[in-house]
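Asks: Whatever this is, show me its structure:
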Amino acid sequence: MSTLTGTRELARLALRRDRVALPVWILGLSALMASFAAMTVAALRTEQDVIDETEFMAGNPALRMLGLASGPTVGGYAMIRSFATLAVLAALMSVFAVVRHTRRSEATGRAELVGAAVVGRFGTLAAAVLVTVCADVLLAVFLGLGMTAAGLPAAGSFTAGAAIAAVGLVFTGVAAVTAQLSSSSRGANGLAAAALGLSFLFSGAGNLLGSVDGSGLRVVSAWPSWLSPIGWGQQMRPFGGDQWWPLALSVAAFVALLGVAGALAGRRDFGRGLIPERRGPAHARPGLLGPLGLIRRLQRGAVRGWAVGILAFGLVFGAVSSSVEDLGGSAREWYRRMGGTDEIVDAYLTSLVSMAGMAVAVCTVQLLLRLRAEETEGPLESVLATAVGRRRWTLGQVLTTWLTAAVLLLLFALSTGLAAGQVLGDTPGRLGALAGAVLAQLPGIMVVSGCVVAAVGLLPRWAVPVSWSVLLASVLLGPLFGPTLDAPQWAQNLSAFTHVAKAPATAITAAPLTALTAVSLLLVALGTVSFRHRDLALPA
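Replies: Here you go, the predicted structure:
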C-alpha cells in the first residue's frame, strides 16, 4: 500500500460532503464579480470617465493599497475596486475547504474512522488538496464567464479569473501546512488567516510605495508586492497587458508549500499538530461561569480581527473624503443617486456607511454560524449538560453578536469621522452624524442575523449555505448594487438594507427601523423555538 492509497475514494467523499458549500462559494463569488463588472460598465459610460476615475485611484497612495491601476480601461478599473476583495474571499474558500477535510476531520474523529480502512498516510491530505484545486480551477472559469457576460473583453476576463483563483491556489498550500502545525481546525484557520493578512499588507504596501508613470494611469509596484500572492495576482494586470507569467510564481509557491505539508505530515502524531497546545490558566475568570462570558471568550479572536479591519477601512476611506469633491460625470451621478442628495461628500460618506453595514453583516453571519459549528463539533453537548438550556445559549449568542455589531459600527464611525474631520473640518459634527448613520444600519444587520438563527433552527443541515446565500442576496439587491444591476424594485425590497435610511445624506426615520427590528425579533424567536424542539446533530 502506498502513502496515497485511497485518495480517489476520499476525494469522492469530500466532493459529496461539499456538494453544496463549494458550489455556493464558486457561484457566489462569480455573481459578485459579475455585479462589480456590470456596475462599472454602467457607471463609466465615456472614455473620459474611465480616465478620470483611473487617474484618481492611481494618484491617491491610500487607495493604491486596495488595487493596482494598469491603464484606462473599464475592466482595469473594475479590478482596482474588486480584486483584493475577491482574492481574499477565494483564499478563504480554499483555506476552509482544506482545513475542513484534514484538521477538522481529525478533531471530530472522522479521519480516524476512515484511516482504519485501506488508506495511505497522505491520502486524506491529497484528497483535500485535489478537491480544492479543482474548485479553484472552476472558480477561474466561472469568474471569467461572469465578467464576459457583464460586457468586458474575454481575454482580460479570463486573465482576471486566473489571477484571483491563483491566490486561492497558493492558500490551498498554506492551509495544507497550517493543518499540520495546529491541533485544532480553529487554530489552522487562524494561522492561514494571519498569512492572508500579511499577504494583503505586503501587496498594499508595495502599491502604496510604488510609482505612477508619466500618464498618471498606471502604477509600478515596489518590491513588497512581489512577496505576496495577492501581489502576484495583481501583476498579471488583467485588461492592462494580460501578463500570464506571474502565474508561475503562484504555481511554484503551491508546489513548495505542498512539499512542506507532506514533510510535516510525516513527522507529527495523528490528531496532533506540531505546535503544542497552550495550557490555559489554572483558574478561570468569574465571567466565564455564565454562557455570555463563554460566548464572548469564544468570539474574541474573530472580533479583534474584524475590529482592526473596520478601523483601517474607516481611516483609509475617510482620509480621501475631500478628493470626491472633484469627481464629475457618471461617477458623481452614481454617488448622487446612491446617496439621494446633490451633496457629493455626504453621498460618498453614505456609500461608506452602507459598505460598513454590509461588512459587519458578514461578521454577524460568521459569528452566529458558530451555533451550528458548536453543535456538530461537540462543545455544545458539554454546555447543555450544565444548567444552561438551549434557549439561553441561543439568545446569548444572538445578544452578544448584536452588541459586537454595534461596537464595530461605532468603531467605523470613530475612525471615519476622525479621518474625514481632519480633511473636511468639523470633526465633532462628522463624528455625531456618522455615529447615528452607522447605528441606523444595525436593524438591517439584525434581520440578516435573524435569518441565520432561523436557518440553524429550521434547516440545520442547510444552515451554512442558506445563511451565506441570504447575505449575498441582501448585498446584491441592496442600495449599492441593486439599482446599478437594474434589479426590479420588488427584488430590491427583499434586501433589508434597502429599507435602511441613507444617512448621513438623508434624515433617519423611525418607522422602517422599527419594522426591521420587529422582523429580526420574529426570526430569532422562530429559530430559537425550532432549535429548542428539534434533535441535535451531535458527533458520535
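Asks: From now on I want contacts and neighbour counts done on CA atoms only, so please keep to that.
Replies: OK.
Asks: all helices of the stretch 1-150 of the chain, in order?
Replies: 7-17, 21-43, 47-59, 61-64, 74-101, 103-108, 110-115, 123-149 (DSSP state H, counting those that start in this stretch).
Asks: packing partners for the third one?
Replies: Spelled out, it's helix 47-59. When contacts are defined as 3 or more CA pairs under 8 Å, 6 or more residues apart in numbering; DSSP states H and E, helix 47-59 sits against helix 61-64, helix 74-101, helix 329-339.
Asks: Mind doing that once more with 6 Å?
Replies: For helix 47-59, the contact count by 3 or more CA pairs under 6 Å, 6 or more residues apart in numbering; DSSP states H and E identifies no helix or strand as a packing neighbour.
Asks: about what we covered before: want to try JSON lines for the helices of the stretch 1-150 of the chain, with distance to residue 473 and mean neighbour count as columns?
Replies: Shown next, in JSON lines, are those (distance: least, CA to CA, whole Å; neighbours: other CA atoms under 10 Å):
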{"stretch": "helix 7-17", "distance to residue 473": "24", "mean neighbour count": "17"}
{"stretch": "helix 21-43", "distance to residue 473": "9", "mean neighbour count": "21"}
{"stretch": "helix 47-59", "distance to residue 473": "28", "mean neighbour count": "21"}
{"stretch": "helix 61-64", "distance to residue 473": "27", "mean neighbour count": "22"}
{"stretch": "helix 74-101", "distance to residue 473": "16", "mean neighbour count": "24"}
{"stretch": "helix 103-108", "distance to residue 473": "29", "mean neighbour count": "22"}
{"stretch": "helix 110-115", "distance to residue 473": "34", "mean neighbour count": "15"}
{"stretch": "helix 123-149", "distance to residue 473": "17", "mean neighbour count": "23"}
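Asks: so which helix or strand takes in the spatially closest residue to residue 453 that is not a sequence neighbour?
Replies: Spatial nearest neighbour of residue 453, excluding adjacent residues (CA to CA, 6 or more residues apart in numbering): residue 527 at 5.0 Å. Using DSSP states H and E, residue 527 sits in helix 510-533.
Asks: before we move on, the earlier item: which one of the helices of the stretch 1-150 of the chain lies nearest to residue 193?
Replies: helix 74-101 (7.8 Å; CA to CA).
Asks: Counting by contacts, list what that closest one packs against.
Replies: helix 123-149, helix 154-181.
Asks: Check which helices and strands the last one is in contact with.
Replies: When contacts are defined as 3+ CA pairs under 6 Å, 6+ apart, helix 154-181 sits against helix 74-101, helix 123-149, helix 185-208, helix 229-235, helix 247-265.
Asks: Minimum distance to residue 469: which of the ones you listed has it?
Replies: helix 74-101 (14.6 Å).
Asks: Would you mind giving the secondary structure of residue 505?
Replies: Following DSSP: H, G, I helix; E, B strand; the rest coil, we place residue 505 in the coil state.
Asks: which residues in the stretch 251-400 of the chain form helices?
Replies: Under DSSP H, counting those that start in this stretch, the stretch 251-400 of the chain gives helices at 291-319, 329-339, 344-368, 370-377, 379-384, 390-424.
Asks: Okay, now the unreliable bits of the stretch 51-200 of the chain?
Replies: 62, 111-112, 115-116 (pLDDT under 70).
Asks: on that earlier part again, what's the residue nearest to residue 453 in contact with, if anything?
Replies: By CA atoms under 6 Å, 6 or more residues apart in numbering, the contact set of residue 527 is 453-454, 457.
Asks: mind putting those residues in CSV, neighbour count and distance to residue 278 included?
Replies: Output for these, formatted as CSV (neighbours: other CA atoms under 10 Å; distance: CA to CA, whole Å):
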residue, neighbour count, distance to residue 278
453, 33, 32
454, 25, 36
457, 26, 34
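Asks: Return the subset of those residues lying in helices.
Replies: 453-454, 457 (DSSP state H).
Asks: Reformat those into CSV and put pLDDT and distance to residue 27 next to each item.
Replies: CSV is the format used below for the ones in helices among the contacts of residue 527 (pLDDT from 0 to 100; distance: CA to CA, whole Å):
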residue, pLDDT, distance to residue 27
453, 94, 23
454, 94, 23
457, 91, 25
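Asks: about what we covered before: now the angle between helix 370-377 and the helix holding residue 527, please.
Replies: For helix 510-533 against helix 370-377, the angle by axes from the mean of the first three to the mean of the last three CA atoms, to 10 degrees is 10 degrees.
Asks: For residue 412, which of the helices and strands packed on helix 154-181 is the nearest?
Replies: helix 74-101 (18.3 Å).
Asks: how far off helix 154-181 does that closest one point, in degrees?
Replies: On the basis of the same axes, to 10 degrees, helix 74-101 is oriented at 30 degrees to helix 154-181.
Asks: low pLDDT regions in the protein?
Replies: In the chain, residues with pLDDT under 70: 1, 62, 111-112, 115-116, 271, 280, 327-331, 378, 485, 539-540.
Asks: Could you find the closest non-adjacent residue to the most centrally placed residue in it?
Replies: With distances taken as CA atoms, centre = their mean, the residue of the chain nearest its centroid is residue 89 (5.1 Å). Nearest-residue entry for residue 89: residue 29, 7.7 Å, with adjacent residues in sequence omitted and distances by CA to CA, 6+ apart.
Asks: how far away is the one you found from residue 155?
Replies: Distance, residue 29 to residue 155, by CA to CA, to the nearest Å: 19 Å.
Asks: and what of residue 448?
Replies: In terms of CA to CA, residue 448 sits 37 Å off from residue 155.
Asks: try residue 325
Replies: Where residue 155 is concerned, residue 325 sits at a distance of 35 Å (CA to CA).
Asks: quick revisit: of all the helices of the stretch 1-150 of the chain, which lies closest to residue 355?
Replies: Residue 355 lies closest, by CA to CA, to one member of these: helix 74-101, at 12.4 Å.
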